[in-house]
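Trainee: build me a structure from this.
(2 chains)
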2 protein chains.
Amino acid sequence: MINYEKLFSKNALGMKRSEIRELLKVTRRPEIISFAGGLPAPELFPVEQVKEVTDYILDTEGKIALQYGPTEGDQRLKEELVKHMEEEGLKTNVENVLVVSASQQALDLIAKVFLNRKDIVFVEEPTYVGGIQAFNSYGARMVAVKSDDNGILPDELETTIEGLIKNGFRSQLKLIYIIPDFQNPSGITTSLERRKKLLEVAEKYDLIVIEDTPYRQLRYRGESVTPIYSLDTNDRVISLFTFSKIFAPGFRLGWIVGSKEVIEKIIMAKQAADLCTSPFTQSITYEYLKRGYLKEQIKKIKENYKEKMEIMLDSLEKELPELEGLKWTEPDGGLFLWVTLPEYMDSRELFLKAIDKKVAYVVGDAFHPQGKMKNAFRLNFSYPSPKKIREGVKRLAEAIIEYEDEIKKRKLKDAVIFP
Amino acid sequence: MINYEKLFSKNALGMKRSEIRELLKVTRRPEIISFAGGLPAPELFPVEQVKEVTDYILDTEGKIALQYGPTEGDQRLKEELVKHMEEEGLKTNVENVLVVSASQQALDLIAKVFLNRKDIVFVEEPTYVGGIQAFNSYGARMVAVKSDDNGILPDELETTIEGLIKNGFRSQLKLIYIIPDFQNPSGITTSLERRKKLLEVAEKYDLIVIEDTPYRQLRYRGESVTPIYSLDTNDRVISLFTFSKIFAPGFRLGWIVGSKEVIEKIIMAKQAADLCTSPFTQSITYEYLKRGYLKEQIKKIKENYKEKMEIMLDSLEKELPELEGLKWTEPDGGLFLWVTLPEYMDSRELFLKAIDKKVAYVVGDAFHPQGKMKNAFRLNFSYPSPKKIREGVKRLAEAIIEYEDEIKKRKLKDAVIFP
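Mentor: Purely as a prediction, here's the structure:
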């Protein structure tokens, strides 16, 4: 047999089948209430409107929609995106926009364009699994920076950077990767002050800021915070958006906003990576935006997820036991919240009990490049129904209570055996 | 201003805006008959059937088609692909198939999984532009191996390999990239004997063979040659297929066939690169295959392109001047043929004259990793109408005749000035 280990690239040898994805398989069993996925609620997909718009596109420009398209993306779609972003507080121009096959591709292309093997990316603690995968796939090293309820801690970031510079890593420092709005997995929004300070740090140490903001349009309470892109005066910020959470993940459509020079380089990388994003789904999405359907859709999604989030927060408050150190975030939008367990608990141990009770989540260490944060987990509230959220949180509470009892018993036993 | 040169990766610094693509822009002017592109004929796109099938998918499984899907691809589509390939002489199993966002993504993922910077890929002379771009984007080095009317020369390949091994490059030798059926750009089909010998060389030196075969189904005369994949007994061959030439490039759909171990590794790379290929276009394509429409469509395309190819070959025979060294390939299928000019001619100089005559092609050096083959060019016959093919070849002949006259005059002048 052929020995692939000799033939695979160093980057490929560093790619592992995610253990987390194996855990997730369990959560797909039908009897399990899953807070594990990150899926939009399919019952909200605008199937009828997609059908209407698709028929129109095939009738009026089928031959263009089914042909190859420019790597840069559909010009008309990009014009609509510029308008859409302006309503979201981000002013830019068509030349600064590149359509991609959803934001995972954006992360991949950015990693390819900026990262040599062993280069360093600063990420929030916790951070997005897909970000970890993309950076890892280019052999990059990730340094997690502590974050609190207002987002990443710029002072911690600066201290970490100084430490790395002292140790000779100056030329490897490249990117700061941040999900500022209703972060995945924490649900936290980075405050305006933190955004400004983060940008100052980036400026001081000549780093690029990747602002990944797939949930920005899904705010359920409070006021929008200015995008980091709009605070930037020096072409240092690249923003990533996607249609996956506000329209349809099945279309695989997202977009990147950045300086012309960066966009130009990413276009070259994209041309080598897939020539172009589907002109078919781009045409449909353009027409969908033009007809004003996206606004209606976002409104519908917000109403639905807001209710689910409130139910989840209520249920957690009502059901979860009072334990020192047990707490959870209270997001203003997005799809997720983050539960921190007492330090002596391990979310993987709890996971097995939760599965016994037929409820599931994603363990905290999945969201840390070095697998820390074992005493935390992520809950998703966009996918399950309100009824399932209530029932699921009840089951989760039972699992925590049992786990706490077990730990107490273990301690008691240890105390008896080793007095 | 920010200095990106310091921040971009080595791979990114090696990516250049293709000069060829700039040349191609000229060819899009409406008055120009273009043999330059590689586009399928849009008038053949099965727009009505796509509409029928899309409506059905949205009616019956809209919520699944618009949701995220598995990285591995739609299981049902893969089953259809296995059946389809069996009819094309390639027997495999569903676990050996991975759906990708067309074959350019296949090339990108394969490059990522196998190539460290400076690793070596053997390519045919000439070879596909997109292959050059994909391998270059990972900092790989390409070595072009001479080919004749029966494909790549295995003895030349072996001599080249031996030379590289002597010079200490043993561990960097990784891939042989070959387009065996109606090659892009040459139109040549690799003979069965050459395929077997190529595989022997790969076996001897422990190399992976990438068999890129986007045109395999578009044979207009003669008998199919066994896929290299089917000759392989040692999991050494990876085959790439696409729907771009037989259905619709706008769907961005293709597939990879390989050993389970390779497919598994590419799945990991794909997960980091874009999570999944569009479930929407996959569902539509599955249903399209299931209804038997692909077979009808391939038949329709073959009839159309066969006629166009014959017209182009006839016109070349009739119109082109008799010049020592002027010749062209006579493909049995595909979209392209390759014209070789006398050695003293430069296809870029001729290009300017051709543009004056309002006809265009792609210059030969675009298809060589080191920019050789300046006295050749590629002609596409799938996109232009029969009428335009006739007229375009006439114009091309005029350009060649003028160019030849000019060269003669230049020589005469040189002879007078420097006797």
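Trainee: count of neighbours near the closest residue to A:Pro46 other than its chain neighbours?
Mentor: In this structure, A:Pro46 finds its nearest non-sequential neighbour in A:Gln297, 5.4 Å apart by C-beta to C-beta, 6 or more residues apart in numbering or on different chains. Every C-beta, even on glycine, is put in place using the N, C-alpha and C of the backbone. Close neighbours of A:Gln297, defined as other C-beta atoms under 10 Å in any protein chain shown, add up to 19.
Trainee: A:Gln297 contacts A:Phe243, correct?
Mentor: No. In this structure, A:Gln297 is not within contact of A:Phe243 by C-beta atoms under 8 Å, at 10.1 Å.
Trainee: contact partners of the helix or strand of chain A with the lowest mean pLDDT?
Mentor: Least confident helix or strand of chain A, by mean pLDDT, DSSP states H and E, is helix A:19-26 with a mean of 74. Applying C-beta atoms under 8 Å, 6 or more residues apart in numbering or on different chains, the contact partners of helix A:19-26 are A:Ile32, A:Ala36, A:Gly37, A:Val129, A:Phe351, A:Ile355, A:Ala360, A:Val362, A:Val363, A:Ala366.
Trainee: what does the nearest residue to A:Asn96 once chain neighbours are set aside show for phi and psi?
Mentor: Using C-beta to C-beta, 6+ apart and skipping residues adjacent in sequence, the residue nearest A:Asn96 is A:Val257, 5.5 Å away. For A:Val257, the backbone dihedrals (degrees, to the nearest 10) come out as phi -120, psi 130.
Trainee: wait, A:Val257 touches A:Asp235, no?
Mentor: No. A:Val257 lies out of contact with A:Asp235 (C-beta under 8 Å); the separation is 11.2 Å.
Trainee: more crowded one of these two?
Mentor: Set A:Val257 next to A:Asp235 and count neighbours by other C-beta under 10 Å: A:Val257 wins out with 25 against 16.
Trainee: the more buried one: what's it in contact with?
Mentor: A:Val257 is in contact with A:Met85, A:Leu90, A:Thr92, A:Asn96, A:Val97, A:Tyr229, A:Ile238, A:Ser239, A:Leu240, A:Phe241, counting by C-beta under 8 Å, 6+ apart.
Trainee: looking at those residues, spot the one nearest A:Lys174.
Mentor: In terms of C-beta to C-beta, no member of the contacts of A:Val257 lies closer to A:Lys174 than A:Ile238, at 11.9 Å.
Trainee: name the SS class of the closest one, please.
Mentor: Here A:Ile238 is recorded as strand under DSSP: H, G, I helix; E, B strand; the rest coil.
Trainee: what about the strands in the stretch 51-200 of chain A?
Mentor: Secondary structure of the stretch 51-200 of chain A (DSSP state E, counting those that start in this stretch): strands at A:97-100, A:120-125, A:141-148, A:151-152, A:173-178.
Trainee: of those, which is nearest chain B?
Mentor: strand A:173-178 (6.1 Å; C-beta to the nearest C-beta).
Trainee: average pLDDT for the closest one, rounded please.
Mentor: Average pLDDT, strand A:173-178: 98.
Trainee: ditto for stretch A:56-69
Mentor: 97.
Trainee: buried ones in it?
Mentor: Residues of stretch A:56-69 classed as buried by neighbour count (16 or more other C-beta atoms under 10 Å in any protein chain shown): A:Ile57, A:Leu58, A:Gly62, A:Ile64, A:Ala65, A:Leu66, A:Gln67, A:Tyr68, A:Gly69.
Trainee: wouldn't the fifth one be in contact with A:Pro279 here?
Mentor: Right, the one you point to is A:Ala65. Yes. At 5.5 Å, A:Ala65 and A:Pro279 qualify as touching, with contact defined as C-beta under 8 Å.
Trainee: joint contacts of these two?
Mentor: With C-beta under 8 Å, 6+ apart as the test, A:Ala65 and A:Pro279 both reach B:Gly250.
Trainee: quick one: name the residues of the stretch 51-200 of chain A near chain B.
Mentor: A:51, A:54-55, A:58-59, A:62-69, A:101-102, A:104-105, A:108, A:112-116, A:119, A:130, A:133-134, A:136-138, A:174 (C-beta under 8 Å from any C-beta of the partner chain).
Trainee: just those: which are in helices?
Mentor: The helices, defined by DSSP state H, take in A:51, A:54-55, A:58-59, A:62-65, A:102, A:104-105, A:108, A:112-114, A:130, A:133-134, A:136 from those.
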